[in-house]
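> coords below, sequence missing:
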């Protein structure tokens, strides 16, 4: 029982932190949830990623509601990128097992670095 | 043209998030601000709406593989509401330039983490 309560407290802590992070940056929060579940709750990597995805659905829903009330959500554009991304996710999860990802991870990392520089410049 | 590019980038964001488990948000936000031309706050807010279908389909796929621990997901997801309100109020009160630079810092951290993961 004490263990159950402790694990629930850990999940609540992760949730509150992830929600804050998600709304501040406009991302799902998996960057924070996945390592937290592995390090603080002893989840295996695959379980942490899967559990995080399901939690992110709710976090993003709350974020959408709050920013929707603030009038900041562009609904048409959300569908414009979100719906193709939904199809892309299906492709990505099937590729995951086959493609040797070392080079891809490197390229992805470079891409993010390039975008970061571009955003800093303004 | 812009519309077509946004669709392609959305598709790419989905593929990458499916492959690397790094959410679509880090690509949605720059797509919406740099390509579409939304303000950074609008881009972040819109990104969150766009994440919902991606997370839903990803969770469904992972559920089929038996990896989702639903009780933990629900507790984390529901308690995130408190943090979301705080984060949204803060984001709404920061200037667009500050938000954009904060986001750029996050991208650098994730880029470094990905690069680091190649070596290990």
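Sure, I can see it. On a predicted model such as this, the values are computed, not experimentally measured, just so you know.
> Tell me, please, where in chain B the pLDDT is lower than the cut-off.
Residues of chain B that meet the criterion pLDDT under 70 lie in B:21-23, B:120.
> Report the central residue of it.
Among the residues of chain B, residue B:25 comes closest to the average C-alpha position under C-alpha atoms, centre = their mean, at 1.8 Å.
> Could you list the low-confidence segments of chain A?
Across chain A, the ranges flagged by pLDDT under 70 are A:1-5, A:96-101.
> which residues touch the nearest residue to the residue nearest to the centre of chain B once chain neighbours are set aside?
If you skip the residues right next to it in sequence, residue B:25 has residue A:27 as its closest partner in space, 3.1 Å away by C-beta to C-beta, 6 or more residues apart in numbering or on different chains. Quick note: C-beta positions are derived from backbone N, CA and C, even for glycine. By C-beta atoms under 8 Å, 6 or more residues apart in numbering or on different chains, residue A:27 lies in contact with A:21, B:23, B:25-26, B:29, B:47, B:51, B:106.
> and if we set it to 10 Å?
By C-beta atoms under 10 Å, 6 or more residues apart in numbering or on different chains, the residues touching residue A:27 are A:18, A:21, A:56, A:59-60, A:63, B:22-29, B:44, B:47-48, B:51, B:103, B:106-107, B:110.
> And residue A:47, by the same measure?
For residue A:47, the contacting residues are A:34, A:37-38, A:41, B:62, B:66-69, B:72, taking C-beta under 10 Å, 6+ apart as the criterion.
> where's it, which helix or strand?
Secondary structure assigned from DSSP states H and E places residue A:47 in helix A:45-69.
> and what of residue A:8?
Short version: residue A:8 belongs to helix A:2-25, going by DSSP H and E.
> Tell me which residues of that helix come out buried.
The neighbour-count criterion (16 or more other C-beta atoms under 10 Å in any protein chain shown) identifies A:7, A:10-12, A:14-25 as the buried residues of helix A:2-25.
> Now the contacts of residue A:47 in a markdown table, please, with extra columns for neighbour count.
Written out in a markdown table, the entries for the contacts of residue A:47 read as follows (neighbours: other C-beta atoms under 10 Å in any protein chain shown):
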| residue | neighbour count |
| --- | --- |
| A:34 | 23 |
| A:37 | 26 |
| A:38 | 15 |
| A:41 | 18 |
| B:62 | 21 |
| B:66 | 10 |
| B:67 | 20 |
| B:68 | 23 |
| B:69 | 20 |
| B:72 | 25 |
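> any idea which of these is the one closest to residue B:99?
Within the contacts of residue A:47, distances to residue B:99 taken as C-beta to C-beta reach their minimum at residue A:34, with 23.7 Å.
> The closest one and residue A:52 touch, don't they?
Yes - between residue A:34 and residue A:52 there is a contact under C-beta atoms under 10 Å: 5.0 Å.
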